[in-house]
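**Q** sequence and predicted structure below; questions after.
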Amino acid sequence: MYTVPKLEDYSPAALDKAAAELLAALDAEAAAVADAKAFEDFRNRWMARKNGILTQINDTWLKSAPGPAKRDAGQKVNQLKAAVEERINAAQNKASASGSNAKFAAETVDISLPGVRRPLGVKHPVLRVLDELVDVFVKMGYSVAEGPEVESDYYNFEALNFPPNHPARDTQDTLFIAGQEQRQQRDRLLLRTHTSPVQIRSMERLRPPVRVICPGKVFRNDAPDATHSPMFHQIEGLCVDTNITFGDLKGTLEHAMHSLFGSSVKTSFRPSFFPFTEPSVEVSISCPFCGGKGCRPCKQSGWIELLGAGMVDPNVYGFVDYDAQKYSGFAFGMGIERLAMMKYDVDDIQQFFYGDMRFLEQFA
């Protein structure tokens, strides 16, 4: 194996002889490189900073050369460095090509073997219920509308008849975007607390008759537990036209509940309050699990509360330039996770968001 000799004679002939011996050893070792491991050893032997051969010839030949010979020794050392780098690059290409061929040979596919079948995924239970609901209302002539999840105070509250001191504006419920203090209140940004802003945006864009459903994610400052999540899904609906009555609202929701849970379920409408509807109601259905007799899902009451609804408050029409004397309408909204929990008998809403395959595979 080649070792760097010390030079006693620095004449041009002596330098040429020493360089020829080094290049002969370099070519021999480069020719022996056959794989990536051999290349690493070869490169380190010749180019390592501490004790590589290039470092040795620089220390042994150049630094030890007498003053008159330093110029010739320096030129020769530079020529040798260029030659070593050239051989190193060639050896690297050779080792890479050899490794690629070996890898290709190792990965050769035996086409006589049966193929590997990938498992197919299934739709998430929340999205499955959401799509079922969308399909029910689309068949009734509703179109699907979407809107931004980061909304302004105007669309999320003001245009929906929420006065400035309404509790829903409190930071205990609403997630506001930071750094909005300098803006006017109606322009401040927040994460929408319901999909109702999409109804306002739809009415701004469309003239009656309007029939839209608004599915999507909403956000509230709720601590996660078995029945609450800071992010969940809603679907809301809006119908505005001439001569729309509360009877149309009842018929629409009864048809939707029958489509989802079967024709045997009954609906119950109880007076309630929402700022953007008047009159307002809370809608319950008879428990589809026990037929109204009382069980764990309905907490022994025989009824399950599902959604809120009501006739659109005339004040809302003022924000979208609708004639409240000419048009009337109804709106409703419901949480998808609540429906999915009831339909699939899930007792913890957080199961929908953990991503646990053992849970999700039950719905395959």
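**A** Now that the structure is in, tell me what you want to look at. What you see is a predicted model; the values in this text were computed from it and never measured.

**Q** any chance you could map the strands in the stretch 201-350 of the chain?
**A** 210-219, 231-241, 267-274, 277-286, 303-312, 328-335 (DSSP state E, counting those that start in this stretch).

**Q** and Ser64, which of the ones you listed is closest to it?
**A** strand 231-241 (73.7 Å; CB to CB). Yep, even glycine has a C-beta here, placed from its N, CA and C like the rest.

**Q** show me what the closest one is packed against.
**A** When contacts are defined as 3 or more CB pairs under 8 Å, 6 or more residues apart in numbering; DSSP states H and E, strand 231-241 packs onto helix 125-139, helix 196-205, strand 210-219, helix 246-261, strand 328-335, helix 336-343.

**Q** can you put the strands of the stretch 201-350 of the chain in JSON lines and add mean neighbour count?
**A** As requested, these are exported to JSON lines (neighbours: other CB atoms under 10 Å):
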{"stretch": "strand 210-219", "mean neighbour count": "20"}
{"stretch": "strand 231-241", "mean neighbour count": "22"}
{"stretch": "strand 267-274", "mean neighbour count": "14"}
{"stretch": "strand 277-286", "mean neighbour count": "20"}
{"stretch": "strand 303-312", "mean neighbour count": "21"}
{"stretch": "strand 328-335", "mean neighbour count": "22"}
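
**Q** chain center to the helix of greatest length in the chain: distance?
**A** The residue-count maximum for a helix in the chain (DSSP state H) belongs to helix 70-106. In terms of CA atoms, centre = their mean, to the nearest Å, the centre of helix 70-106 is set 46 Å apart from its chain centre.

**Q** buried ones in that helix?
**A** For helix 70-106, burial by neighbour count (16 or more other CB atoms under 10 Å) applies to Ala73, Lys76, Val77, Leu80, Val84, Arg87, Ile88, Ala91, Gln92, Lys94, Ala95, Ser98.

**Q** on that earlier part again, which of the helices and strands packed on strand 231-241 sits closest to Ala168?
**A** helix 196-205 (10.8 Å).

**Q** tally of neighbours for Leu249?
**A** 24 (other CB atoms under 10 Å).

**Q** with adjacent residues omitted, what lies nearest to it?
**A** Phe330 (3.9 Å; CB to CB, 6 or more residues apart in numbering).

**Q** which residues touch that neighbour?
**A** Going by CB atoms under 8 Å, 6 or more residues apart in numbering, Phe330 touches Leu238, Cys239, Ile244, Phe246, Asp248, Leu249, Thr252, Thr277, Ala309, Gly310, Met311, Val312.

**Q** widest-spaced pair of those residues?
**A** Spatial extent of these (CB to CB) is set by the pair Leu238 and Phe246 at 15.0 Å.

**Q** what's the separation between the nearest residue to His258 once chain neighbours are set aside and Leu191?
**A** Distances taken as CB to CB, 6+ apart place Val265 nearest to His258, at 6.5 Å, with adjacent residues excluded. Plainly put, Val265 is 34 Å away from Leu191 if you go by CB to CB, to the nearest Å.

**Q** again, but for Thr55
**A** Thr55 is 62 Å from Leu191, by CB to CB.

**Q** of those two, which one has the most company?
**A** Leu191 (19 against 15).

**Q** isn't the more buried one right up against Leu175?
**A** Yes. With contacts counted by CB atoms under 8 Å, Leu191 reaches Leu175, the gap being 4.4 Å.

**Q** share the number of residues neighbouring Tyr155, please.
**A** Tyr155 has 22 nearby residues by other CB under 10 Å.

**Q** what pLDDT is listed against the closest residue in space to it that isn't next to it in sequence?
**A** Spatial nearest neighbour of Tyr155, chain neighbours left out: Pro197 (3.8 Å); criterion: CB to CB, 6+ apart. Reported pLDDT at Pro197 in the predicted model: 94.

**Q** also His228?
**A** 84.

**Q** so who does it touch?
**A** Asp222, Ile349.

**Q** same question for Arg220.
**A** Asp173, Thr174, Leu175, Thr193, Pro230.

**Q** wouldn't the last one be in contact with Pro224 here?
**A** Yes. With contact defined as CB under 8 Å, Pro230 reaches Pro224; the gap is 6.4 Å.

**Q** with only the CA atoms kept, save the helix or strand where Trp46 lies in PDB.
**A** According to DSSP states H and E, Trp46 maps onto helix 36-47. Presented in PDB, the C-alpha positions along helix 36-47 are these (Å, rounded to 0.1, in the frame of the first residue of the first chain):
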ATOM      1  CA  ALA A  36     -20.100   2.300  -1.800                       C
ATOM      2  CA  LYS A  37     -18.100   1.000   1.200                       C
ATOM      3  CA  ALA A  38     -14.900   0.700  -0.800                       C
ATOM      4  CA  PHE A  39     -15.400   4.200  -2.200                       C
ATOM      5  CA  GLU A  40     -15.800   5.600   1.300                       C
ATOM      6  CA  ASP A  41     -12.600   4.000   2.400                       C
ATOM      7  CA  PHE A  42     -10.800   5.200  -0.800                       C
ATOM      8  CA  ARG A  43     -12.000   8.700  -0.500                       C
ATOM      9  CA  ASN A  44     -11.100   9.000   3.200                       C
ATOM     10  CA  ARG A  45      -7.600   7.500   2.600                       C
ATOM     11  CA  TRP A  46      -6.800  10.100   0.000                       C
ATOM     12  CA  MET A  47      -8.800  13.200   1.100                       C
END
